[in-house]
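Student: no FASTA, just this:
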């Protein structure tokens with residue numbers, strides 16, 4: 001009897017413990033399900049300008065308190081959307097990283113609303129030795145001649161001036177990826193500009209030579225400059241006194257030489273005295 005009673009008590013204790021575990025597990029699952037939500041994340045690396053499909057996305061649990069703004073919980077809503085920036089694997093897909101619905105893939109999806117993409121020809125010097133990469137910001141420097149000064153010899157007409165500032169580099173050559181940080185020397189750079197900036201850039205490259213100036217990405221403050229000329233570069237020119245020409249006297253004509261009169265040879269003379277009178281007789 002005693003053994004049977006002990007066995008019964010052990011079985012009851014085991015059953016109660018098993019029931020407590022089931023209740024605790026259900027409570028934990030219920031609490032976790034109420035504190036998380038499904039979020040669509042990238043299953044693979046999605047390059048900039050690529051069209052998204054179902055094979056690139058998966059749903060994962062995400063804490064409800066830390067839900068990313070603009071996140072998606074339905075993979076169907078991401079079908080045919082275009083990535084506006086490069087999205088890494090495991091990164092949540094958000095509206096701010098995608099182009100507007102209906103946008104076709106390619107570089108046009110990266111251009112912001114109201115902006116344009118314009119390409120300028122560069123070389124290893126103009127392109128900042130290949131350090132101007134997609135996602136960087138540059139200033140545009142033009143070297144030209146001031147209008148109205150080309151025929152003025154009193155003032156040097158050459159001038160270098162920054163005409164556009166804080167221009168976003170969209171692509172270099174045919175590459176728009178922003179993950180690579182290695183310098184690349186290319187022959188063309190595509191910039192994001194407004195219509196007014198596009199007009200200035202087109203005029204600048206037609207009237208002079210262009211140079212790109214790489215700038216800090218977190219420094220959007222514009223700087224107004226007057227431009228650099230040879231006078232401002234080398235300082236004010238020193239006035240040099242012009243040497244006055246020394247007047248040269250006209251050569252004088254030689255004075256005529258005086259020729260002494262040649263006296264005829266003297267003849268023999270005889271003085272004759274007659275009383276008080278005297279006379280001379282020549283022979």
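Tutor: It's in. Model, not experiment: these values are computed from the prediction.
Student: how about the strands in this structure?
Tutor: According to DSSP state E, the chain carries its strands in the segments 36-42, 57-63, 116-121, 137-145, 158-172, 188-193, 209-215, 269-274, 277-282.
Student: Buried ones in the first one, by neighbour count?
Tutor: Taking 16 or more other CB atoms under 10 Å as the basis for neighbour counts, the residues of strand 36-42 that come out buried are 36, 39-42. In short, each C-beta sits where N, CA and C put it, glycine included.
Student: Just to check, residue 271 is in contact with residue 277?
Tutor: No - taking contacts as CB atoms under 8 Å, residue 271 lies outside contact range of residue 277: 11.1 Å.
Student: Just the mean pLDDT for stretch 190-209, thanks.
Tutor: Averaging pLDDT along stretch 190-209 gives 90.
Student: From the rest of the structure, what touches that stretch?
Tutor: If you take CB atoms under 8 Å, 6 or more residues apart in numbering as the criterion, stretch 190-209 is touched by 107, 111-112, 114-121, 126, 138, 140, 142-145, 163-164, 167-172, 176, 210.
Student: coming back round to it: possible to save the strands of the chain as CSV with distance to residue 50?
Tutor: Output for these, formatted as CSV (distance: least, CB to CB, whole Å):
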stretch, distance to residue 50
strand 36-42, 11
strand 57-63, 12
strand 116-121, 17
strand 137-145, 24
strand 158-172, 14
strand 188-193, 18
strand 209-215, 27
strand 269-274, 144
strand 277-282, 144
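Student: mean confidence score for stretch 7-26?
Tutor: Per-region confidence: stretch 7-26 scores 83 on mean pLDDT.
Student: quick check, distance from that stretch to the centre of its chain.
Tutor: From the chain centre to the centre of stretch 7-26 is a distance of 72 Å (CA atoms, centre = their mean, to the nearest Å).
Student: cool, and stretch 68-80?
Tutor: 36 Å.
Student: Give me the buried positions along it.
Tutor: Across stretch 68-80, burial judged by 16+ other CB under 10 Å covers 68, 71-72, 75, 78.
Student: How many neighbouring residues does residue 47 have?
Tutor: By the measure other CB atoms under 10 Å, the count of residues near residue 47 is 15.
Student: what do you get for the one 10 residues further on?
Tutor: Other residues near residue 57 come to 22 when the count uses other CB under 10 Å.
Student: Which strand residues bridge it?
Tutor: residue 42 (DSSP bridges).
Student: where does it land on pLDDT?
Tutor: pLDDT at residue 57 comes out at 90.
Student: wouldn't it be in contact with residue 44 here?
Tutor: No - between residue 57 and residue 44 there is no contact under CB under 8 Å: 9.3 Å.
Student: now the longest helix belonging to the chain against strand 57-63, angle please.
Tutor: Secondary structure of the chain read by DSSP state H shows that its longest helix is helix 2-35. Counting by axes from the mean of the first three to the mean of the last three CA atoms, to 10 degrees, helix 2-35 lies at 110 degrees to strand 57-63.
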